[in-house]
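Enquirer: missing the sequence, but the structure's below:
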Ligand SMILES: Nc1ncnc2c1ncn2[C@@H]1O[C@H](COP(=O)(O)OP(=O)(O)OP(=O)(O)O)[C@@H](O)[C@H]1O
Ligand SMILES: [Mg+2]
């Protein structure tokens, strides 16, 4: 791999002298005459090393260093300092610079430091990739789900993983779509190749296009070197297109073409790149509605939706809640060094009853904050945010004094039915009466409540 080195210096001679020396060592060199354009180049994401002068008009080298360390952690910065300004070099080292060079420059030393910085950089990238792989394996093992709904999904994942079929994962936010995507990849024959993830909603149209397909050097202002796109990086592996419902029509056409022809061109390029990728896409939108309203291409939908996995919201698989509560409690107690061993029955019941509009992500966050709040060895309702503890309070049925027993019964039955979202079997179970009895009682009062569907 050829490394890209960015040199920022307001003195033309220094820039070009450095460039010539580094190009001789076999690196790609990119030049910037001031801090601002330098930072813009860093923002494109394909720079491997920055060499910056400290004293420049406009944005100083110190500011460049601060920006790079905060926004591109792991990207090494070497600073250049003039004669007799060793203090500022020391400050720069403290602020996170990889090393410094004093002017006039010793080119042998330059060559050595650059080589070392890039070796380090490569190691840390490898390390990060390894860690990401480990994390995704861990999350596969940790998909919790003993509910019938989840068992069905596991079975489906197992069955489709070995094929190359595109998989579309749908479901509300926080239900675990990404975990399922990891599992599809990790159980597939492609598991030793990369799983490349693209968060489609986070990028503007043009950035997304160059992220996905890459670009040639000079394709647009700032395209300082050729960049490989995610479809190319995912070759022989899988690509996870998250939030696929958010991309616009232009990019939709291009993705369709990759799915159909398994080939594409980089932005600004003519060479055709062939790629063998398994596509996994996810969305929390209703794509059929998007199609009906003209926002999503139907042909792309059919290509993506070869296998469809719908992950139901947590409120429709409440059987999973107790297991998740225990697992998250253990995890966060350990992480926070707390010895919390149980959760009392009120809190347990409230967590079970709550509707979890934010699904598992919300439950997880909620357990984490409760563990942090908890002072003893047992989680209680007080440790949870009011949304959960008060929700429980709302479940108390208010029956005014002075009613007849019949009238009070009606209120109680209707409230219970509402708490069970109109599900009559569950309501009958809670009331410990037969379904027929419940039906008769509801019929007597003309079914005042919108009781639904299921029977
Ligand atoms: N079955 C599960 N067992 C354990 N943890 C889970 C499970 N499902 C989801 N989580 C956790 O909940 C969080 C949200 O999951 P994930 O990011 O996969 O959801 P998502 O459906 O992709 O959400 P979004 O649509 O918002 O991107 C993650 O921290 C994940 O680890
Ligand atoms: Mg997601």
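Expert: Looks like it came in fine. If you're wondering where the values come from, they're calculated on a predicted model, not measured in any experiment. Ligands and ions are numbered 1, 2, ... in the order given.
Enquirer: who in the stretch 151-300 of the chain is up against ligand 1?
Expert: 171, 173-179, 284 (Cβ under 6 Å from any ligand atom). (Each C-beta comes from the backbone N, C-alpha and C, glycine too.)
Enquirer: so which two of these are the farthest from each other?
Expert: Largest separation among those by Cβ to Cβ: 179 and 284, giving 14.5 Å.
Enquirer: so residue 209 sits right up against residue 265, yeah?
Expert: No. If you go by Cβ atoms under 8 Å, residue 209 and residue 265 don't touch, sitting 11.1 Å apart.
Enquirer: just want to know which of the two has more residues nearby.
Expert: residue 209 (21 against 16; other Cβ atoms under 10 Å).
Enquirer: figure out the helix or strand that the more buried one lives in.
Expert: helix 205-213 (DSSP states H and E).
Enquirer: repeat for residue 282
Expert: Residue 282 belongs to strand 278-283, assigned by DSSP H and E.
Enquirer: each with direction, which strands does that strand pair with?
Expert: Its sheet considered, strand 278-283 pairs with strand 167-170 (parallel), strand 238-242 (parallel) by DSSP bridges.
Enquirer: following that strand, which helix or strand shows up next?
Expert: That would be, after strand 278-283 and using DSSP H and E, helix 287-292.
Enquirer: touching that following helix from outside, list them.
Expert: 168, 170, 244-245, 296-298, 301, 305 (Cβ atoms under 8 Å, 6 or more residues apart in numbering).
Enquirer: closest one to residue 25 out of those residues, please.
Expert: residue 244 (42.8 Å).
Enquirer: ok, how many other residues are close to the closest one?
Expert: Every residue meeting other Cβ under 10 Å relative to residue 244 is counted, giving 27.
Enquirer: again, but for the one 10 residues further on
Expert: The number of residues packed near residue 254 is 20, by other Cβ under 10 Å.
Enquirer: where's it relative to ligand 1, distance?
Expert: 23 Å (Cβ to the nearest ligand atom, to the nearest Å).
Enquirer: and that residue, what does it touch?
Expert: Residue 254 neighbours (Cβ under 8 Å, 6+ apart): 209, 212-213, 264.
Enquirer: from those, pick the one nearest ligand 1.
Expert: residue 212 (18.5 Å; Cβ to the nearest ligand atom).
Enquirer: hmm, back to that, could you identify which of the contacts of helix 287-292 has the most neighbours?
Expert: Most crowded among these, counting by other Cβ under 10 Å, is residue 244 at 27 neighbours.
Enquirer: hang on, that one packs against residue 303?
Expert: No. With contact defined as Cβ under 8 Å, residue 244 does not reach residue 303; the gap is 11.1 Å.
Enquirer: neighbours of the nearest residue to residue 53 once chain neighbours are set aside, how many?
Expert: Once flanking residues are discounted, residue 53 sits nearest to residue 9: 4.1 Å by Cβ to Cβ, 6 or more residues apart in numbering. Residue 9 is flanked by 26 other residues according to other Cβ under 10 Å.
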